[in-house]
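Asks: Make a model of this:
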Amino acid sequence: MEKIIHSKQVNYPRLVNALAQNLVPVLSDQTPKEFFTGKVENFLTCLHLISYLKESIMDDTDAETFEELSLIALYKSLSAKLQLADIELLLEEMPKILVMPYPVVEKICAVLIEMIRQIIKSLRSAGGAWKKIGALNHEIEMLKSFQGVINK
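Replies: Coordinates of the predicted model:
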């Protein structure tokens, strides 16, 4: 029984260390673009982990620093090689991200709009997936609406 209780304890230093290992390279301009390739899910996980830690052990200042670093990492990962699944995952998380008070959020939004336009263009040239094109157009309108609210 004691072993079960210990296995449910959260190792907070380990979680914070994992955040640091994933996010500290964002601070350096020397970090290669390849570091960000295929890591959209990692950086979204960092955002979720920060929310959890903010409720338990992390003060607001540290949490804000880690949140912004996670968003900058997401932004940088958008200029690395991406899979369509990465874009779809990020689009699912955008309602949570759009309300975050960091300048990089608007940059993520702008890049996503352009990526979605390119996807729509590819779908049209392939001659199909009209339902998907409609859904993507809706995503563009949502992101553009966000930009309009920010720029007021």
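Asks: next one: the helix or strand hosting Ala18 to chain centre, how far?
Replies: Assigned by DSSP states H and E, Ala18 belongs to helix 12-23. Here helix 12-23 is found 17 Å from its chain centre; the criterion is Cα atoms, centre = their mean, to the nearest Å.
Asks: in it, what counts as buried?
Replies: Residues of helix 12-23 classed as buried by neighbour count (16 or more other Cβ atoms under 10 Å): 15-16, 19, 22-23. Glycine gets a C-beta too; all of them are placed from N, C-alpha and C.
Asks: downstream neighbour of it in the secondary structure list?
Replies: Next helix or strand after helix 12-23 toward the C-terminus (DSSP H and E): helix 40-56.
Asks: Taking their axis directions, that following helix and helix 12-23 sit at what angle?
Replies: When axes from the mean of the first three to the mean of the last three Cα atoms, to 10 degrees is applied, the directions of helix 40-56 and helix 12-23 differ by 140 degrees.
Asks: ok, and what's touching helix 40-56?
Replies: 10, 12, 15-16, 18-19, 22-23, 58, 60, 63, 66-67, 69-71, 73-74, 77-78, 82, 86-87, 89-90, 93, 96-97 (Cβ atoms under 8 Å, 6 or more residues apart in numbering).
Asks: give me that answer again for 7 Å
Replies: Residues outside helix 40-56 that contact it (Cβ atoms under 7 Å, 6 or more residues apart in numbering): 15, 19, 22-23, 63, 66-67, 70, 73-74, 77, 82, 86, 89-90, 93.
Asks: Keep only those of those that are in helices.
Replies: Members of these lying in helices (criterion: DSSP state H): 15, 19, 22-23, 63, 66-67, 70, 73-74, 77, 86, 89-90, 93.
Asks: rewinding a little: with pLDDT and distance to Gly134 added, can I get the buried residues of helix 12-23 in CSV?
Replies: Shown next, in CSV, are the buried residues of helix 12-23 (pLDDT from 0 to 100; distance: Cβ to Cβ, whole Å):
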residue, pLDDT, distance to Gly134
Leu15, 88, 40
Val16, 89, 43
Leu19, 92, 38
Asn22, 93, 36
Leu23, 94, 36
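Asks: Nothing else from me, thank you.
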